[in-house]
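S.K.: let me see the structure of the following:
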Amino acid sequence: MNTFEDRTINHTQVTRAQNFEMNPSLKTLIQSADLEFLMEAHNGLSAKIVAETGFKGIWASGLTMSSSLGLRDCNEASWSEVLQQVEYMRDSVEIPILLDGDSGFGDFNNVRRLVEKLEKRGVDGICIEDKVFPKRNSFMKTPQQLADVEEFSGKLKAAKDTQKRADFCVVARLEGFIAGASQNEVLTRAHLYQEAGADALLVHSKLNDAQQILGFAEQWQGNAPLIIVPTTYCGVATDDFRHAGISVAIWANHTLRASIAAMQAACLTVFEEQSVAAIESSITSIDEIMRIQNCDELYDAEKKYLPNSN
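M.R.: Okay, here's the model as predicted:
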């Protein structure tokens, strides 16, 4: 098998049609009887790559969008900056997008306005975590404070009451395990969030194994589908999640992490050798960038609309 560095997409073999009619909705993915997958994207370019690879949906990650702006994942990026990034993604692809909405960027009223903005931009759903605002990334080395359960349930109700599209999804993200809560407390919160109208529950853990996740899934008897984020427990077999009845697995930060590693390696080589010759054969060609940008469409449009362009 080729190494990771050698693997590229053969775009003549990409069969996933980029049109809305052939793409399943986010709600369909969440409610699927099979385990489905969302891949992280943080801007229009990464969203296009995710879609071309064949993924059925995108996780618009708060961590990676913040990082791409040079900011920490502590609500340092404003909600309008996040909306701008997700709008670029929506313009770039037709597959469903689930926005990582942090803790809702405020109270229930902020959540209502955010849902309105997302629906106008054609975004397919929002995931809200049950931590206080401003949130801190789940993997930061600081204590995590959970939101009051009734207040958070109010945010979920407000989101569901605000949405106008029947297929728009509101996902409640359970951060109890991150904050050190017991399984019973996380389960209690899960049932209350389901009653508040959540279309699905994302249960999160930062352990290196899936003990908390699989234990929760075994005890969960609700109707809401379960979503997981196997970042720290990435070595667990995917079939284990299937057998546990998980609906969606999110690969939550991997396009950004891959690009950072590649950029660091390229910059170091160029800095040390004072030349780009050594990396030219291993980096993306200018022609490939133009292809991703769909420059052929512009060339055709120029022939149609610009005088003397033929």
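
S.K.: any idea how far residue 247 is from residue 35?
M.R.: Remark: distance between residue 35 and residue 247 (CB to CB, to the nearest Å) = 7 Å. Every residue, glycine included, has its C-beta placed from N, CA and C.

S.K.: who's more crowded, those two?
M.R.: Counted by other CB atoms under 10 Å, residue 35 and residue 247 do not tie: residue 247 has more neighbours, with 20 against 17.

S.K.: give the contact list for that one.
M.R.: 30, 31, 32, 35, 36, 200, 225, 226, 227 (CB atoms under 8 Å, 6 or more residues apart in numbering).

S.K.: filter the residues you listed down to just the ones in helices.
M.R.: Among the contacts of residue 247, the ones falling in helices (DSSP state H) are residue 30.

S.K.: taking the contacts of residue 247 together, which two end up most distant?
M.R.: 35 and 200 (13.4 Å; CB to CB).

S.K.: mind putting the contacts of residue 247 into TSV with pLDDT and distance to residue 74?
M.R.: TSV is the format used below for the contacts of residue 247 (pLDDT from 0 to 100; distance: CB to CB, whole Å):
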residue	pLDDT	distance to residue 74
30	97	28
31	96	33
32	94	33
35	97	32
36	98	30
200	98	25
225	98	29
226	98	27
227	98	23
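
S.K.: and the contacts of residue 247, which of them are in strands?
M.R.: Assigned to strands by DSSP state E, the following of the contacts of residue 247 qualify: 36, 200, 226, 227.

S.K.: one step back: shared neighbours of residue 35 and residue 200, which are they?
M.R.: Joint contacts of residue 35 and residue 200 (CB under 8 Å, 6+ apart) are 247, 248.

S.K.: residues contacting stretch 278-295, please?
M.R.: 5, 11, 45, 48, 49, 52, 262, 266, 269, 270.

S.K.: what comes up buried for it?
M.R.: Buried residues in stretch 278-295, counted by 16 or more other CB atoms under 10 Å: 279, 292.

S.K.: and the residue nearest to the spatial centre of the chain, which of the three is it?
M.R.: Centrality entry for the chain: nearest residue to the mean C-alpha point is residue 59, 1.5 Å, by CA atoms, centre = their mean. Here residue 59 is strand, with the state taken from DSSP: H, G, I helix; E, B strand; the rest coil.

S.K.: summarise which helices and strands the host helix or strand of residue 202 is packed against.
M.R.: Assigned by DSSP states H and E, residue 202 belongs to strand 200-203. With contacts taken as 3 or more CB pairs under 8 Å, 6 or more residues apart in numbering; DSSP states H and E, strand 200-203 sits against strand 169-174, helix 183-195, helix 211-219, strand 226-228.

S.K.: can I get the ones you listed in JSON lines including mean neighbour count and distance to residue 66?
M.R.: As requested, the helices and strands packed on strand 200-203 are exported to JSON lines (neighbours: other CB atoms under 10 Å; distance: least, CB to CB, whole Å):
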{"stretch": "strand 169-174", "mean neighbour count": "26", "distance to residue 66": "16"}
{"stretch": "helix 183-195", "mean neighbour count": "18", "distance to residue 66": "25"}
{"stretch": "helix 211-219", "mean neighbour count": "17", "distance to residue 66": "25"}
{"stretch": "strand 226-228", "mean neighbour count": "25", "distance to residue 66": "21"}
